[in-house]
Structure formats: C-alpha cells, structure tokens
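Peer 1: 3D, please:
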Amino acid sequence: MSTKAMARRIMACRRVSLYPLSAARRPAARRAEFTGGDIDTRIETIKSYFVGITGAYALDWALDLLDRPIPREGGGPGVQLPNDLVAELFVGYCVRRAPDVLKGVAICKDANRWLSSRITTLRQVQNAIPEPLESLRTKEDRERLAVNYVERVTRLFNTTTDFGAEQVPAIRLWKVCRQPLAAWGMLPRLPKFRTAASRDDFIAHHLIRWLDPKW
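Peer 2: Got it, this is the predicted structure:
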C-alpha cells in the first residue's frame, strides 16, 4: 500500500483523523484545527511521523503489515482488513509514535509492539470465524449476515423436504441444516436421548432458532 492510498483511507474514515506531528504538543482540543486538507497535505501529515531512513522503513513496514491479507488456517485466499479498521490502526500507530519521534528516538518500540499485537489478535479472531471481519463491523452488517445464514438454512431445509412435501427424519434435517452454522464452532453436539421423541424435540427446537435471523 502506498502512503497516498493510506491518506485516502484516512480521509474516507469518519471515526479518525490525523494531525501533523507538529501539533502533537498542543492540547487535545486544539489538535483538530490541524487535521484535514487536500490529499497532498494529508500525505505530508503522515510523513511527519516517520523521520529519516529509520522512519521510512517503519512507514513501509506498517503499510505492508496493514495491507497484507490475513491467511486462512484452512487455506484459500486471505482476508483483507476493512478500510476503516486499517485507517484506525494506522492513526493509532502514528499517535503512539509521536512521543518517541518528538524525543528523537529512532526506533519506536512501544508503537511497533502495539501495532504488531493488534494485527496478531485480528489474525486470531479472523481464523476463529468463517466470515470476514468486515461483515461484523456494524449492527446492520451483522443483521445482514444473520439473514444470509437463515436463507442458507432455509434453502437446505426446503431442498431436503421438497418444500415441506416430504416428511424427513429429524436426524437427517439436523445433519443437513447445521452445515452453514457448524463452521462457527458454537453448535452443540447431538447428545444421547432416551427416546427418539425427545431427540426430535431437541432438533426441532434448534431448527426453529436457525430459521430466525434474531438468533
């Protein structure tokens, strides 16, 4: 990722803004006066946190780390971090670099550790869930994803039962309809039951939940 591309992401993100390093010593309430500007101004603002050759290396390292896809444990294409999250992490990194840069410290170890730890945590979270992190960012995103899963389960249910025309054993519905949800690792194992009726009641209870987007 280029510095210009990062500047554009910060411009597009409503939750964060970046002031130049020269404003870092000012009271927090005054720093907002120095944010904004055109793309060239924002590029210079980013570069103010990365001084000299060591700073240039740190900038390249951070941009590469944030742009690198998160690999899947099971293989397949990696997952890119959402643009807003990338902007937030990068601004947070710059802010944490500021005290050391102002002191003339070449290598900002604390800021580097902070960014590395955040990326490590995001990798762990992403590998624990079957959907991109971006699909869980907002309430609307999560609701949209829930509806999508309900539609998947509904299609499997309708295909298996021929839209209700065919009576299918409950255990078969359990095995078929659980497939989209199993990847989350939150479904219970089917316990042993004393009677088939109690087992079927258990399955019916879960099917009702799987067909409800509010669940």
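
Peer 1: ok, residues contacting the lowest-mean-pLDDT helix or strand in the chain?
Peer 2: Here the helix or strand of the chain ranked lowest by mean pLDDT, DSSP states H and E is helix 28-31, holding a mean of 73. Contact with helix 28-31 is made by 19, 23, 24, as judged by Cβ atoms under 8 Å, 6 or more residues apart in numbering. No exception for glycine: its C-beta is placed from N, CA and C like everyone else's.

Peer 1: go again using 7 Å as the cut-off
Peer 2: 19, 23 (Cβ atoms under 7 Å, 6 or more residues apart in numbering).

Peer 1: how about the helices of the chain, start to end?
Peer 2: Secondary structure of the chain by DSSP state H: the helices cover 3-12, 28-31, 39-47, 52-67, 83-102, 109-128, 139-161, 170-177, 179-182, 196-210.

Peer 1: ranking these by burial, who's on top?
Peer 2: Of all the helices of the chain, helix 83-102 carries the top mean neighbour count, a mean of 20, counting by mean count of other Cβ atoms under 10 Å.

Peer 1: give me the mean pLDDT for that helix.
Peer 2: Taken as a whole, helix 83-102 has a mean pLDDT of 93.

Peer 1: ok, now stretch 120-137?
Peer 2: In this model, stretch 120-137 has an average pLDDT of 81.

Peer 1: outline the domain layout of this structure.
Peer 2: Taking automatic domain parsing as the domain assignment, the ranges for the chain are 3-131, 139-210.
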